[in-house]
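Q: build me a model from this:
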Amino acid sequence: MIRNQLLLIIFLLGIKSYAQNVNPGDDIIYNPQEVAVIEITMPASDKTFLLADENIYSEEYLPATFRFKNSSIDTTLAHQVGVRLRGNTSRGHPKKSFKIKFKEYDGSKFYGYKKFNLKAENNDPSHIREMLALETFRLAGMPAARAHHTKVFMNGEYMGLYLNVEQIDDEFALTRFGNDTGNLYKCHWGSTLEDDGQIYDEVLYELETNKDANDRSILANFVSVLNHTPDEDFKTEIEKVLHVGTAIKYFAVEALIGHWDGYSYLKNNLYIYENPETGLIEIIPYDVDNTFGIDWIGRDWAARDLADWAKHGKPRPLNTRLLTVEEYRALYFTELNNLLDNIFNESALFPKFDFYEGLLTSAIAEDTYYPLTFGFSMKDFFDSHDKKVTSHAPYGLKPYVIARTGYALQQITSTYSGFLAFTDSQIHIYPNPSDGRYIHVSATGDDCAGTGITIYNSAGQPVVFQTEKSLIREKISFTQKLPAGIYVISMGNAREKFLVK
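A: Residues are numbered from 1 along each chain as shown. Just a heads-up that it's a prediction; the model follows:
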């Protein structure tokens, strides 16, 4: 009841709902339900150069032939592709990560894609944290990359199981926002969005599109508004330059999955897109493997305060300015509530954990590079779902979700318990979900009687309806068929939500 009443409180504030999912679905390449196969063939001397310790920071692409195979396609490209190492600290691990560039040698795109990012996922004994973290962002309605698993062979040698993560580039912008002409920035470690000249640092804020023009005026205006607008004008002005709903979603997902290697805690791993369609800044998550309990800095991410998740005592203006606005803070807790209801919970995630354990077992068992960085064994792979594996993986996937959701629900209850006087009254709604034409309602408890029925949509607006009473329940017919969404019904002091599909 507390969480349902919390929704009503926030809905009555008149906050807009940001439910639209901008992401495309699975396709012929990005099919997370199976393990694909990638075969790379190059001269033996080039392979030796690529993997040699002295060359790990080389950005040079080497020519290779490329074959991709899954249940839908088996394609060998007639032209050569470029192959190089990718990543930062991961380059020093025995199991390397690779970038494939399909147009490096005057070739064409591969099924619409210019690049593949083959990530070794060395930190994660389960090999699924990054995939499910990205999926959580996408399910929440945020623009985020897709991913699928693939076995990678180089000159016939099995290099191991990899995660192919979609490249964030102009094509990504086109599929998410309908326009690829805006500036896209890759924000590296140190990107706090303070107005101290840092946005002109071309290494810190790496411009991925429109490089020749290098016009940073839109970003500069956003940073100025973010840092210098007076509190009384902030909400009005920030909504002119930032897609606030996406930023709030980012904070909510980041806090639940424990993505400390992102903006809020480590000022890292973020893309910013200047969307020409709306004139707004869009936030895009990136590099989310250190999640679901992975820890390198001695924090218990399952128990960190949701209302104070960013790094303490350090400038994070995007967090501090947005979440001090009452309506945005309420929206943040609404997003947390929605994630806990629908996406981030045991019933939603545990079947996925189990599915991928079965899907990946044989590929992991054959991966001779899997044990080389942290000594992972097959026992560690199986244990990674249920228990601690190493000091940097103190939580199994399931214990992390249990601990994080438990703490989150406790905090939400504690934060909002003072808003309403709660009763034992109950409202029963059938059918729920409704088709938007009618619902049947019955109620128990004295506090449900005496003051009539009110129904609100997600924007806090009253819904027009007619009632038809019977001995045990009331039929509520809506004057106009309700559009899909979440609604709240109030009877006396009792409140409940229902869904229209």
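
Q: the residue nearest to F177 when sequence neighbours are not counted: how many residues sit nearby?
A: Sequence neighbours aside, N275 is the residue nearest to F177 in space, at 5.0 Å (criterion: Cβ to Cβ, 6 or more residues apart in numbering). Bear in mind the C-beta positions are built from the backbone N, C-alpha and C, glycine included. As a burial measure, N275 scores 21 neighbours (other Cβ atoms under 10 Å).

Q: count the neighbours of P371 for me.
A: For P371, using other Cβ under 10 Å, the count is 14.

Q: ok, the one 4 residues further on next?
A: Here the neighbour count serves as a burial measure; for G375 (other Cβ under 10 Å) it reads 10.

Q: next: P462.
A: The local packing of P462 (other Cβ under 10 Å) involves 10 other residues.

Q: quick check: it touching Y456?
A: Yes. With contact defined as Cβ atoms under 8 Å, P462 reaches Y456; the gap is 6.0 Å.

Q: and the residue nearest to F177, what does it touch?
A: Applying Cβ atoms under 8 Å, 6 or more residues apart in numbering to N275 gives the contacts A173, F177, N179, G182, H243, I281, E282.

Q: tell me the buried residues in the host helix or strand of the first one?
A: Secondary structure here is read from DSSP states H and E; on that basis A173 sits in helix 170-177. Using 16 or more other Cβ atoms under 10 Å as the burial criterion, the residues of helix 170-177 that qualify are D170, E171, F172, A173, T175, R176, F177.

Q: same deal with stretch 290-308?
A: Buried residues in stretch 290-308 (16+ other Cβ under 10 Å): N290, T291, F292, G293, I294, D295, W301, A302, R304, L306.

Q: and which of the contacts of N275 is nearest to V441?
A: Nearest to V441, judged by Cβ to Cβ, of the contacts of N275 is H243 at 36.9 Å.

Q: list the contacts for the nearest residue to the closest one once chain neighbours are set aside?
A: Take H243 and drop its neighbours on the chain: the residue closest to it by Cβ to Cβ, 6+ apart is L280, 4.4 Å away. By Cβ under 8 Å, 6+ apart, the contact list for L280 reads V241, L242, H243.

Q: from these, which ones fall inside helices?
A: Among the contacts of L280, no member is found in helices (DSSP state H).

Q: and the residues you listed as CSV, adding pLDDT?
A: Output for these, formatted as CSV (pLDDT from 0 to 100):
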residue, pLDDT
V241, 98
L242, 98
H243, 97
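
Q: restricted to buried residues, select those residues in ChimeraX.
A: Burial among these is assessed by 16+ other Cβ under 10 Å; the matching ChimeraX selection reads:
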select :241,242,243
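
Q: longest strand of this structure?
A: strand 157-166 (DSSP state E).

Q: buried set for it?
A: Buried residues in strand 157-166, counted by 16+ other Cβ under 10 Å: M159, G160, L161, Y162, L163, N164, V165, E166.

Q: for stretch 55-69, same thing?
A: By neighbour count on 16+ other Cβ under 10 Å, the buried set for stretch 55-69 is Y61, L62, A64, F66, F68.

Q: equivalent analysis for stretch 312-321, please.
A: Residues R316, L318, N319, R321 are the ones in stretch 312-321 that count as buried (16+ other Cβ under 10 Å).

Q: can you verify the third one is assigned to a helix?
A: Spelled out, it's N319. Yes. Assessed with DSSP: H, G, I helix; E, B strand; the rest coil, N319 lies in a helix.

Q: and it, what does it touch?
A: N319 makes contact with F251, Y263, S264, W309, A310, according to Cβ under 8 Å, 6+ apart.

Q: helices of this protein, start to end?
A: Assigned by DSSP H, the helices in the chain fall at 2-12, 44-51, 129-139, 170-177, 217-228, 231-238, 244-257, 263-266, 317-322, 326-342, 346-365, 378-383, 397-416.

Q: the fourth one - contacts with which helices or strands?
A: For helix 170-177, the helices and strands in contact under the criterion 3 or more Cβ pairs under 8 Å, 6 or more residues apart in numbering; DSSP states H and E are strand 270-275, strand 280-285.

Q: nearest residue to the middle of this protein?
A: Centroid-nearest residue in the chain, with Cα atoms, centre = their mean: F137, separated by 1.8 Å.

Q: for that one, which non-adjacent residue is spatially closest?
A: Spatial nearest neighbour of F137, excluding adjacent residues (Cβ to Cβ, 6+ apart): A144 at 3.8 Å.

Q: OK, contacts around that neighbour?
A: Applying Cβ under 8 Å, 6+ apart, we find A144 in contact with N23, L134, F137, R138, I284, P285.

Q: and the first one, its phi and psi?
A: Read it as N23. With angles defined as degrees, to the nearest 10, N23 sits at phi -90, psi 140.

Q: so what's it closest to, chain neighbours aside?
A: Spatial nearest neighbour of N23, chain neighbours left out: R138 (4.7 Å); criterion: Cβ to Cβ, 6+ apart.

Q: the one you found - how many residues pack around it?
A: For R138, using other Cβ under 10 Å, the count is 22.

Q: name all residues that make contact with it.
A: Counting by Cβ under 8 Å, 6+ apart, R138 touches N21, N23, A144, R146.

Q: any idea how far it lies from F102?
A: Note on R138: its distance to F102, by Cβ to Cβ, to the nearest Å, is 24 Å.

Q: buried residues, stretch 239-259. List them.
A: Buried residues in stretch 239-259, counted by 16+ other Cβ under 10 Å: 241-259.

Q: what about it, distance to the chain center?
A: How far stretch 239-259 lies from its chain's middle: 9 Å, per Cα atoms, centre = their mean, to the nearest Å.

Q: where's the residue nearest to the centre of the chain relative to E335, distance?
A: Going from F137 to E335 by Cβ to Cβ gives 12 Å.

Q: circling back: the residue nearest to the centre of the chain touches P285, doesn't it?
A: Yes. Between F137 and P285 there is a contact at 5.2 Å, judged by Cβ under 8 Å.

Q: residue contacts, the residue lying closest to V241 once chain neighbours are set aside?
A: Nearest residue to V241, sequence neighbours excluded (Cβ to Cβ, 6+ apart): F222, at 4.7 Å. Contact analysis of F222 by Cβ under 8 Å, 6+ apart lists V241, L242, I281.

Q: what does the model give F222 for pLDDT?
A: Looking at F222, its pLDDT is 98.

Q: from P43, how far off is it?
A: For F222, the distance to P43 (Cβ to Cβ) stands at 47 Å.

Q: repeat that for V81.
A: Separation of V81 from P43 (Cβ to Cβ) stands at 14 Å.

Q: which of those two has more neighbours?
A: More neighbours surround V81 than the other of V81 and P43, with 23 against 12 (other Cβ under 10 Å).

Q: wait, the more buried one touches F66, no?
A: Yes. The pair V81 / F66 is scored as a contact, 4.5 Å apart, by Cβ under 8 Å.

Q: mind listing the shared neighbours of these two?
A: Residues touching both V81 and F66 (Cβ under 8 Å, 6+ apart) are I100, F102.

Q: how is the chain partitioned into domains?
A: Domain segmentation of the chain under automatic domain parsing yields 35-110+114-166, 170-342, 426-500.

Q: what's the end-to-end length of the shortest one?
A: End-to-end distance of domain 426-500: 20 Å, with Cα to Cα, to the nearest Å as the criterion.

Q: cool, and stretch 338-351?
A: OK, stretch 338-351 end separation, Cα to Cα: 19 Å.

Q: list the contacts of that stretch.
A: Residues outside stretch 338-351 that contact it (Cβ under 8 Å, 6+ apart): 3, 132, 136, 139-140, 252-253, 256-257, 397-398, 401-402, 404-405, 408-409, 412.
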